[in-house]
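>>> next input, structure requested:
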Amino acid sequence: MTRFFRQLREEFFFPVNEENLRVRADQLRARLQMYPTMMGGQALLSMLFVWMMWDAVPHAALLAWIAAAYALYAADMLGWLLNRHKLYTVQECRRWHIAFTLFTLAGGLVWGSTALWMFPLDAEHQALLVMVILGLSAASVTTNPSYPSSFYIYALSVALPLVFRFALGDSRGHWVMACILLLYLAVVLSAGRDLGKAFRAALRQRHENDALVEQLTRQKAYSENLRQQAEMASSEKSRFLAAASHDLRQPLQALTLFSEALSVRAQDPDVRQLALQIEKSVHALGDMFNELLDLSRLDAGMLTPNRQHFALQPLLDRLYVDFAPLAQAKGLACEIPASSKQPDEDAVIYSDPFLLERVLRNLLSNAIRYTEQGKVALRWNRTAAALKFEVADTGIGIRADIIPHIFEEYYQADNPNRDRRKGLGLGLAIVRRIEPLLGCKVEVSSEPGRGSVFGFSVPLGDAGQLAHPFTITHSRHDLNGTVVALVEDDPDIRRMTAELMTQWGCRVVAGELPGDAMREMDLLGLRPALLVCDYRLPRGMTAVHAIREMRQQWGGGLPAMVLTGDTAPEVLHEIRECDAMLLHKPVTPARLRSLMHLALHGG
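From the prediction side, this is the model:
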């Protein structure tokens, strides 16, 4: 605990000295680079906020507020323009720290004050105010990870007045809203702190790598020895990235469970709507992590194709249901024929249905993302032995010199500023890795300004051997009476997971270590039907050790599931070799329940 508060104090007060000057200067420099984006975004949001609240708040108050806000933005930008290059000495860095602290506090209080003296009376405008404040708090995570002091000051000064305003309410709904906002603020602060730690570790790693390059230059005579040192540094970096992924997934898994519980228990419609919005944000974060996870699993050789003969139309119906609303929201036509419009409903193909769907989803998602007008279409042509798919759009198109690069990791042709609303740039990289598993090759043709076409072929199937990969055959109460041994070191996740499984009809015995669960099972005279373990456990133990210990007690064929945030290939191989089902955090309750049934019954 003492170490935690010491680290928190250092992050908040941001001490600068000769020893840490290079890292501190880089942290400040990274924040200064974001200044135009931050100020421009806040200026635009201020105008939108006044427009949204024009009918709910006195006009004089709104005009006075926006005048104060723009005066602050102007002063802040003027200081940036005059001094943005002064970051080379300890004194200059300290002056920037003071300036950041004052302007960040002032900016946060400008927005926080809206909850105290411009709080609307009607529920609709209250909801709009809540969304703006939550958005500003969450945005500070992505704009300030390099400089945690500003993040803490801004998030607290923006959100706490709103929490205080709801706490003053005289209804239970207001108190519930205040508690939800406090929980959200705690999660945002925790996530921002983790991102800040990862950013600072990356800076230190970069400077260490720079020093290593200098050393390599000076010691060319010892090239082989230095090559081994570089490989060791690369290995350490990979381990760091794997650990960072785990540390970020752990609170995200807890947030997934909490948001699910909140959605189920919320009675007030406004609270339920807010819970659904939080759940959507959690799922969006999970999608980004899952893109990274899919890439790691493909690189590790963890995915093997399961080819089968299956009808094409159910897959197309799923794609239409998911992507037609996204296209229509942008004003695009979406040509993915539904069953009632499809003249070739009896088409059967031979492939892995889930990998094929992932390829089509990634291609459709890219097509919608880079198309602003016109249409997006999924079409196909039948040949004697194959079905050729084409995903076409009328979007921005791709220059011929860029096409060879679009399948590279993190490459985005029309996103030089790394706008995260356009994804991570991994969709086509995942498609390229799935190609050899499906035995196909995605070809690209494009004309800048007119659109693009991505095409590939899959073999036709045999209707006499038809499988139904998208049919769910088990009932809603299929886990009733199942005895589960749950091993999880995080007490909050352990408690929430046990409560969810109990709601599904399971009898759960949970513990921090396998020995805890085994002793409780013996006392109750029970034998588990399923083991569910977190990968990282206390005392240097992993889920692999726990599963071996419990199978030795209850039998080697006992089904097991491992939940982990690690993406390192060696971890994935280790879990696979112990014959356990692998689930990557964050995992939704619905997916956990479905895969528990699959582990128990194999279907």
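
>>> now name the helix or strand holding the nearest residue to Trp54 once chain neighbours are set aside.
Distances taken as Cβ to Cβ, 6 or more residues apart in numbering put Leu62 closest to Trp54, at 6.7 Å, once the chain neighbours are dropped. Where C-beta positions appear, they are placed from N, C-alpha and C, glycine not excepted. Counting by DSSP states H and E, the element that carries Leu62 is helix 59-83.

>>> list the helices and strands that helix packs on?
When contacts are defined as 3 or more Cβ pairs under 8 Å, 6 or more residues apart in numbering; DSSP states H and E, helix 59-83 packs onto helix 35-53, helix 90-112.

>>> just name the most buried of those helices.
By mean neighbour count, with neighbours taken as mean count of other Cβ atoms under 10 Å, helix 90-112 ranks first of those at a mean of 18.

>>> what's that one packed up against?
Applying 3+ Cβ pairs under 8 Å, 6+ apart, we find helix 90-112 packed against helix 21-33, helix 59-83, helix 123-143, helix 148-167.

>>> quick one: contacts of it?
Residues from elsewhere that reach helix 90-112 (Cβ atoms under 8 Å, 6 or more residues apart in numbering): 14, 16-18, 21, 24-25, 28, 31-32, 42, 65, 68-69, 72-73, 75-76, 79, 83, 86-87, 132-133, 136, 147, 149-150, 153-162.

>>> who's in contact with Leu32?
Going by Cβ under 8 Å, 6+ apart, Leu32 touches Trp80, Arg84, Leu87, Trp96.

>>> give the buried subset of those residues as a PyMOL selection command.
In PyMOL syntax, the buried subset of these is picked out as below (16 or more other Cβ atoms under 10 Å):
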select buried, resi 80+87+96
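
>>> in a markdown table: the contacts of Leu32, plus pLDDT and distance to His597.
A markdown table is the format used below for the contacts of Leu32 (pLDDT from 0 to 100; distance: Cβ to Cβ, whole Å):
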| residue | pLDDT | distance to His597 |
| --- | --- | --- |
| Trp80 | 84 | 56 |
| Arg84 | 81 | 57 |
| Leu87 | 79 | 57 |
| Trp96 | 83 | 56 |
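
>>> spell out which two among the contacts of Leu32 are the most distant pair, please.
Maximum pairwise distance among the contacts of Leu32 (Cβ to Cβ): 11.9 Å, between Trp80 and Leu87.

>>> please name every helix or strand in contact with the helix or strand where His573 lies.
Using DSSP H and E, His573 maps to helix 569-577. Counting contacts by 3+ Cβ pairs under 8 Å, 6+ apart, helix 569-577 packs against helix 269-299, helix 543-554, strand 560-564, strand 581-584.

>>> coming back round to it: quick check: which of the helices and strands packed on helix 90-112 is buried the most?
Ranked by mean neighbour count, the helices and strands packed on helix 90-112 are led by helix 148-167 with a mean of 22 (mean count of other Cβ under 10 Å).

>>> pLDDT of that one, averaged?
In this model, helix 148-167 carries a mean pLDDT of 85.

>>> tell me how far the next helix-or-strand element following it lies from the chain's centre.
Per DSSP H and E, the first helix or strand lying C-terminal to helix 148-167 is helix 172-218. Between the centre of helix 172-218 and the centre of its host chain there is 14 Å, according to Cα atoms, centre = their mean, to the nearest Å.

>>> now swap in stretch 76-88 and tell me
Centroid separation for stretch 76-88 versus its chain: 33 Å, with Cα atoms, centre = their mean.

>>> do stretch 548-558 as well
Its chain's C-alpha centre lies 35 Å from the corresponding centre of stretch 548-558 when counted by Cα atoms, centre = their mean.

>>> may I see the buried residues of that stretch?
Residues of stretch 548-558 classed as buried by neighbour count (16+ other Cβ under 10 Å): Glu549, Met550, Arg551, Gln553, Trp554, Leu558.

>>> can you tell me the SS state at the closest residue to the fifth one other than its chain neighbours?
Here the nearest residue to Trp554 in space, its sequence neighbours aside, is Arg527; by Cβ to Cβ, 6+ apart that works out to 5.6 Å. Reducing the assignment at Arg527 to three states with DSSP: H, G, I helix; E, B strand; the rest coil gives coil.

>>> list the contacts for Arg527?
Contact analysis of Arg527 by Cβ under 8 Å, 6+ apart lists Val483, Met521, Trp554.

>>> so the second one, which state does it fall into?
Of the three states, Met521 takes helix under three-state DSSP.

>>> wait, it sits on Ala485?
Yes - counting by Cβ atoms under 8 Å, Met521 touches Ala485, with 6.5 Å between them.

>>> ok, these two, which is more surrounded?
Ala485 (29 against 19; other Cβ atoms under 10 Å).

>>> what about that one, which SS state?
strand.

>>> relative to Met496, how far out is the closest residue to it other than its chain neighbours?
Excluding the flanking residues, the one nearest Ala485 by Cβ to Cβ, 6+ apart is Pro528, at 4.0 Å. Taking Cβ to Cβ, to the nearest Å as the measure, Pro528 falls 19 Å from Met496.

>>> same deal with Ile547?
Note on Ile547: its distance to Met496, by Cβ to Cβ, is 22 Å.

>>> between the two, tell me which one has more neighbours.
Between Ile547 and Met496, counted using other Cβ under 10 Å, Ile547 has the larger neighbour count: 23 against 20.

>>> returning to what we had before: got the buried residues of stretch 548-558 as a markdown table, with distance to Leu109 columns?
Supplementary listing: the buried residues of stretch 548-558 in a markdown table, determined by distance: Cβ to Cβ, whole Å:
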| residue | distance to Leu109 |
| --- | --- |
| Glu549 | 55 |
| Met550 | 54 |
| Arg551 | 58 |
| Gln553 | 59 |
| Trp554 | 59 |
| Leu558 | 57 |
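
>>> need the contact list for Thr542.
Tyr535, Arg536, Glu574.

>>> can I get those in TSV including pLDDT, neighbour count and distance to Thr564?
Converted to TSV, the contacts of Thr542 look like this (pLDDT from 0 to 100; neighbours: other Cβ atoms under 10 Å; distance: Cβ to Cβ, whole Å):
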residue	pLDDT	neighbour count	distance to Thr564
Tyr535	89	23	4
Arg536	86	20	7
Glu574	86	17	10
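
>>> poorly predicted segments of the stretch 151-300 of the chain, please.
Along the stretch 151-300 of the chain, the model assigns pLDDT under 70 to residues 213, 216-268, 270-300.

>>> what do you get for the stretch 401-550 of the chain?
409-426, 467-477.

>>> what about the strands in it?
For the stretch 401-550 of the chain, strands defined by DSSP state E, counting those that start in this stretch occupy the ranges 443-447, 451-459, 466-467, 483-487, 507-511, 530-534.

>>> tell me which of the ones you listed sits nearest to Arg172.
That would be strand 507-511 among these, by Cβ to Cβ, at 30.7 Å.

>>> quick one, that closest one and strand 483-487 angle?
20 degrees (axes from the mean of the first three to the mean of the last three Cα atoms, to 10 degrees).
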